[in-house]
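show me the folded form of this:
(one chain, ligands or ions: 3)
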Amino acid sequence: MGSDFKSIPLIDISPLVEKIDDPNMANDKDLLQVVRMLDDACREAGFFYVKGHGIAESLMKEVRDVTQKFFQLPYEEKLKIKMTPQSGYRGYQRVGENVTKGKPDMHEAIDCYTPIEPGQFGDLAKPMEGSNLWYGSNFPPLFVLDIISQSTILFDLPKYPSNFDSLLENYINLLRDLSRKIMRGIALALGGPVDAFEGKTAGDPFWVCRLIGYPVSTDIPEEQRTDTGCGAHTDYGLLTLVNQDDDICALEVRNKSGEWIYAKPLPGTFVCNIGDMLKVWSNGIYQPTLHRVVNNSPRYRVSVAFFYESNFDAAVEPVEFCRERTGGFAKYEKVVYGEHLVQKVLTNFVM
Ligand SMILES: N=C(N)NCCCC[C@H](N)C(=O)O
Ligand SMILES: O=C(O)CCC(=O)C(=O)O
Ligand SMILES: [Fe+2]
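Numbers count the residues shown, from 1 in each chain. Ligands and ions are numbered 1, 2, ... in the order given. Sure thing, here's the model as predicted:
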């Protein structure tokens, strides 16, 4: 529903991280307290910070640092992993290439998605088939045997910061597991079974990782400049975890009255928010909150957003126990998550 929240709650989720997989967790007072706080946060703001999540602050910083270093490479280097339809929309997009509500966003980014093999989801995933080749950063130049032409292809990779691929792979694995735990907490918060998201809804969760850079506005040529780093939007899946720079206030979250509330950086925390699929699944008990990014600071801002989403081919619809709690009928139609994502991806960019 959303409310007139003036600030975003901070939740210490350590009891959840430590005990959510424990068979006796239903009797754990500390854990149930976290579940209650998650429920309040998801109803009120749709946004919350988490601490006590178990991911080292030094790793969070390292991931932001390699992201910043990548974006400092010359444009020609970054273009070596240009995002194209052929790359399954994976890769680098320049400032202004992402468009929100018709307006170019003042950020550059690398989009990484769960690898999808040819034919894996039939026609549904065709536009997004591919893998994150640019992870091969420890072995440039990279030769790959093309099984169709039986020849080797040379991938001319950019001069990545060292350990770029192993660092990101490790980070993505840790965030995937952390997200799974938070989703177990959210399942309980809704009054459902702890494993509600683990079957055909999100037992094989699709993940998206966006490494994002927001330049200082005066560094952007005037004719290309707009006033927003990322226009107002909701996220597409279940849960987002944002790892943002420590000292730049730029992410803004809209409350029910239309005021923009800063999600100011709290070092060592992730900013979490819920996405479109959770709205449908919970029959609107939890609603995603509009948010945007404006970098008015004199410094380049980096954030790394991890999106934990449904199974790619999940048909998400209001679950029975949530329907019962909200008048008995479904407020939203069934959505195939992959269709929702593909539709967004195909309209998000000027090419
Ligand atoms: N996967 C996510 N959430 N990406 C966030 C980008 C949001 C902006 C995008 N142009 C849009 O209009 O959705
Ligand atoms: O950069 C941020 O703080 C948030 C980015 C965001 O909202 C997104 O990529 O969906
Ligand atoms: Fe977002």
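
may I ask you to confirm that I110 belongs to a strand?
Yes: under DSSP: H, G, I helix; E, B strand; the rest coil, I110 falls within a strand.

now the nearest residue to it once chain neighbours are set aside: which helix or strand?
Nearest residue to I110, sequence neighbours excluded (Cβ to Cβ, 6 or more residues apart in numbering): L211, at 4.4 Å. Placement of C-beta: from N, CA and C, glycine included. Secondary-structure element containing L211, defined by DSSP states H and E: strand 207-214.

D247 now?
Assigned by DSSP H and E, D247 falls outside every helix and strand.

just give the nearest non-adjacent residue to it, would you?
Nearest one to D247, counting by Cβ to Cβ, 6+ apart, is P265 at 6.5 Å.

count of residues packed around that neighbour?
Per other Cβ atoms under 10 Å, the neighbour tally for P265 reads 20.

for ligand 1, see how far away it is.
19 Å (Cβ to the nearest ligand atom, to the nearest Å).

now do the contacts for that residue.
Q244, D245, D246, D247, I248, C249 (Cβ atoms under 8 Å, 6 or more residues apart in numbering).

how about the contacts made by the fifth one?
Meaning I248. P265, N295, S297, R299, R301.

re earlier: paired strands for the following helix or strand past the strand holding L211, with orientation please.
Following strand 207-214 in sequence order, the next helix or strand is strand 230-233 (DSSP H and E). Partners of strand 230-233 in the sheet, by DSSP bridges, are strand 291-293 (antiparallel).

tell me the SS of the residue nearest to D247?
Strictly by three-state DSSP, P265 counts as coil.

how about the residues of the protein by ligand 2?
R210, I212, C230, D235, V242, Q244, L251, H291, V293, S303, A305 (Cβ under 6 Å from any ligand atom).

and with 8 Å instead?
With Cβ under 8 Å from any ligand atom as the criterion, the chain meets ligand 2 at residues 107, 109, 210, 212, 214, 229-230, 233, 235, 240, 242, 244, 250-251, 263, 271, 273, 291-293, 301, 303, 305, 307.

and ligand 1, which of those residues reach it?
Counting by Cβ under 8 Å from any ligand atom, the members of these near ligand 1 are R210, C230, H233, D235, T240, A305, F307.

in a markdown table: those, plus distance to G54 and neighbour count.
Converted to a markdown table, those look like this (distance: Cβ to Cβ, whole Å; neighbours: other Cβ atoms under 10 Å):
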| residue | distance to G54 | neighbour count |
| --- | --- | --- |
| R210 | 22 | 21 |
| C230 | 28 | 24 |
| H233 | 29 | 17 |
| D235 | 23 | 24 |
| T240 | 18 | 25 |
| A305 | 19 | 21 |
| F307 | 19 | 24 |
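
tell me which two of these sit farthest apart.
Distance extremes for these: the farthest pair is C230 and F307 at 13.7 Å, using Cβ to Cβ.

isn't A202 right up against S310?
Yes: counting by Cβ atoms under 8 Å, A202 does reach S310; the two are 4.9 Å apart.

so what sits against both of these two?
Contacts common to A202 and S310, judged by Cβ under 8 Å, 6+ apart, are L238.

in this structure, which helix or strand is least confident?
strand 142-146 (a mean of 70; mean pLDDT, DSSP states H and E).

can you tell me how far L38 is from V350?
38 Å (Cβ to Cβ, to the nearest Å).

please say which of the two ends up with more neighbours.
L38 (26 against 10).

next, that one: secondary structure please.
Quick answer, by three-state DSSP: L38 is helix.

quick check: closest non-adjacent residue to it.
A189 (4.5 Å).

contacts only, for L278.
With Cβ under 8 Å, 6+ apart, L278 has these contacts: C42, I186, G237, L238, L239, Y286, P288.

when you scan the helix or strand containing it, is anything in it near ligand 1?
For L278, the element it lies in under DSSP H and E is helix 276-281. No: shown here: helix 276-281 not in contact with ligand 1 (Cβ under 8 Å from any ligand atom), separated by at least 9.2 Å.

now do that helix, average pLDDT.
Across helix 276-281, the average pLDDT comes to 98.

what does stretch 16-24 give?
Stretch 16-24 comes out at a mean pLDDT of 97.

list the buried ones in it?
L16, V17, E18, K19, I20 (16 or more other Cβ atoms under 10 Å).
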